[in-house]
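Peer 1: how would this look folded up:
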Amino acid sequence: VELSERWASSYDCWIDAPGTEEPVYACPYQSAANDTQNAKESELTWPDATRNLLFPLFGFTASNPLGNEKSSFENENANKALKKDLQLLSSSSEHVAWWNSFAFGPSWQEKGFIISAERSEVARLAKKYNQG
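Peer 2: Got it, this is the predicted structure:
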């Protein structure tokens, strides 16, 4: 399975997202001409605090760079390093937000984060952690 196909059919579980103590489940929006209402209804299930963030949301992990399987130990250490970078990034701007998440599909799961930050900052992290 191509990596892009894997992510296009994946789900995210948001843990400790702003504005809720409940997990929030999300999946990539599949565009369709008659699906506008479904997209609007789906967005309404997001906590207000996440819908009102200044920057877009990005699902992000430091695990398995460029789709290359790494050990659990390597993935855990990479995500710990990413978490430190996210703490530093959010301390430099009140508009940056992030929280824990995990992405999953029928036969896999990866721990990671949801990030609300400027695209350039997320792109910088993606380059640093070889993600995309």
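
Peer 1: For the nearest residue to residue 53 once chain neighbours are set aside, which residues are in contact?
Peer 2: Nearest residue to residue 53 in three dimensions, chain neighbours excluded: residue 116, at 4.3 Å (CB to CB, 6 or more residues apart in numbering). Bear in mind the C-beta positions are built from the backbone N, C-alpha and C, glycine included. Counting by CB atoms under 8 Å, 6 or more residues apart in numbering, residue 116 touches 50, 53-58, 95-98.

Peer 1: May I see the ChimeraX selection of the buried members of these?
Peer 2: Buried residues among the contacts of residue 116 (16 or more other CB atoms under 10 Å), as a ChimeraX selection:
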select :50,55,57,58,96,97,98
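
Peer 1: gap between residue 117 and residue 108?
Peer 2: Distance, residue 117 to residue 108, using CB to CB, to the nearest Å: 26 Å.

Peer 1: Give me the next element, helix or strand, following the longest helix belonging to the chain.
Peer 2: Identified as the longest helix of the chain according to DSSP state H is helix 72-91. With elements assigned by DSSP states H and E, the helix or strand that comes after helix 72-91 is strand 97-105.

Peer 1: State the mean pLDDT of that next one.
Peer 2: Strand 97-105 shows a mean pLDDT of 94.

Peer 1: Direction included, what does that strand pair against?
Peer 2: Within its sheet, strand 97-105 is paired with strand 11-15 (antiparallel), strand 108-116 (antiparallel), according to DSSP bridges.

Peer 1: Tell me which residues touch residue 75, please.
Peer 2: 61-64, 110-111.

Peer 1: Of these, which is the nearest to residue 20?
Peer 2: Closest approach between the contacts of residue 75 and residue 20, by CB to CB: residue 111, at 19.3 Å.
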